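Colleague: dropping a prediction and its sequence here:
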Amino acid sequence: EKGTYDHFMLKEIDEQPFVIRKIIQEYQDEQDNIKVDGNIRAAMLDADRIYIIAAGTSYNAGLVGKQVIENIAGTPVEVHIASEFSYNMPLLSKKPLFIFISQSGETADSRAVLVKTKSLGHPSITVTNVPGSTLSREADYTLHLYAGPEIAVASTKAYTAQIAVLTILAVDTATEKGIKLNFDPLQELGIVASVMESLTDQKERFAKLAKEFFTGMRNAFFIGRSTDYFVVQEASLKLKEISYIQAEGFAGGELKHGTIALIEDGTPVIAISTQENVNYSIRGNVQEVSARGANTCVVSMEGLEQESDNIVLPRVHPLLTPLVSVVPMQLLAYYAALHRDCDVDKPRNLAKSVTVE
Ligand code: M6R
């Protein structure tokens, strides 16, 4: 049921504001307070360290989730690629809590870690779009994403739903710990939903930008610092998996340590700048690459913008910027793939859920 859409991916990108509103509704009680299952609440309070385990886009959401949980709830968090965990198992804290993030709930790499940590007796929560999935059944507790079925292989609405649900979890833990927040999280998520809508309403603009920056290109770079570094990793994954353009997301500060050697005349470099404390430095990186011939596209946020910026995002809370800055990245990837006649919803060599290790 794609309805009027040519592709599920575009439909799912468009659904994001509704999913955020649905999450706000589902995790709210009659008094407009955040409500999370009591067992999950207790597990969060008991943990001295959280280990997030995931793959692909869900891993990228976990990177943002770590920052959100540490900043809001004050619990230390580590994020691990599921398939690497068993080879490079970290030294665990005294009271570890494992959070598995998985849209499908069927990712075998993540399940292998769950089997292992369960055998060690550690508590677990699965954050998934599919209650009843393997990871949901086998973990102690489940947090539902309420994103509705995600059909396109390229994950979009699950990423933003994962970040929103982890934010709600973090706020709930903070409240239980007696930490006072200086913002209203549900109201801020509401603002996010409206901003998402204003972005999905501008599809022609993103289609044009995709044409301008990616036509005929074999590679592309995304750069960001701090929170934006997490989003550029997701941006590059989106672009490569559906358009087959070789893409990498880098920390702006790492350019001079190697990557800048790859910049040639016309190389597309997309920079995200939504954080005040790194705005100056990332713009320095944009100048460095553009002096070497790069075709630069800057996505900034109101209050930090410069006249030459290609996209200026309406302002949202600094911790929640990934929820909105990822939307232009998803749309750029979508239109880049479309312009190259790629099979957007079913890219070559990929499956929607990866049930083998
Ligand atoms: O179902 P999961 O969230 O566990 O899937 C993890 C990855 O396989 C998935 O995010 C994959 O990277 C997507 N194709 C990315 O768009």
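Modeller: That came through, no problem. Residues are numbered from 1 along each chain as shown.
Colleague: next, the buried residues of stretch 207-225.
Modeller: By 16 or more other C-beta atoms under 10 Å, the buried positions in stretch 207-225 come out as 207, 209-210, 213-214, 217, 220-225. C-beta here means a position set from N, CA and C on the backbone, and glycine is covered the same way.
Colleague: these two touch, right, N129 and T160?
Modeller: No: contact between N129 and T160 fails when scored by C-beta atoms under 8 Å: they sit 11.7 Å apart.
Colleague: ok, of the buried residues of stretch 207-225, which one's closest to the ligand?
Modeller: F222 (14.9 Å; C-beta to the nearest ligand atom).
Colleague: so that closest one: helix, strand or coil?
Modeller: strand (DSSP: H, G, I helix; E, B strand; the rest coil).
Colleague: need the contact list for it.
Modeller: Residues counted as contacts of F222 (C-beta atoms under 8 Å, 6 or more residues apart in numbering) are 232-233, 235-236, 239, 247-250, 269-272, 329.
Colleague: the residues you listed in helices, which ones?
Modeller: In helices, judged by DSSP state H, the following of those are found: 232-233, 235-236, 239, 329.
Colleague: follow-up on the earlier one: buried ones only from the contacts of F222, please, as a ChimeraX command.
Modeller: Here is the ChimeraX command that selects the buried residues among these (16+ other C-beta under 10 Å):
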select :232,233,235,236,239,247,248,249,250,269,270,271,272,329
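Colleague: looking at the contacts of F222, which is nearest I125?
Modeller: Q233 (23.3 Å; C-beta to C-beta).
Colleague: find the nearest non-adjacent residue to that closest one, please.
Modeller: Excluding the flanking residues, the one nearest Q233 by C-beta to C-beta, 6 or more residues apart in numbering is G249, at 4.0 Å.
Colleague: need the pLDDT of the one you found.
Modeller: pLDDT for G249: 97.
Colleague: please name the bridge partners of it.
Modeller: For G249, the beta-bridge partners under DSSP bridges are F222.
Colleague: so which bits of stretch 275-283 are buried?
Modeller: Those would be 275, 278-279, 282-283, for stretch 275-283 by 16+ other C-beta under 10 Å.
Colleague: that one: how far from the chain's middle?
Modeller: 20 Å (C-alpha atoms, centre = their mean, to the nearest Å).
Colleague: point out where the stretch 51-200 of the chain drops to low pLDDT.
Modeller: Counting by pLDDT under 70, the stretch 51-200 of the chain shows no low-confidence range.
Colleague: and the residue in it that the ligand sits nearest to, how far from Q202?
Modeller: Residue nearest to the ligand within the stretch 51-200 of the chain (C-beta to the nearest ligand atom): G56, separated by 1.9 Å. Distance of G56 to Q202, computed by C-beta to C-beta, to the nearest Å: 27 Å.
Colleague: which one's more surrounded, these two?
Modeller: Neighbour tally, G56 and Q202, criterion other C-beta atoms under 10 Å: the higher count belongs to G56, 21 against 15.
Colleague: need the residues of the stretch 51-200 of the chain near the ligand, please.
Modeller: Proximity of the stretch 51-200 of the chain to the ligand (C-beta under 6 Å from any ligand atom) is limited to residues 55-58, 102-104, 107, 110, 153-155.
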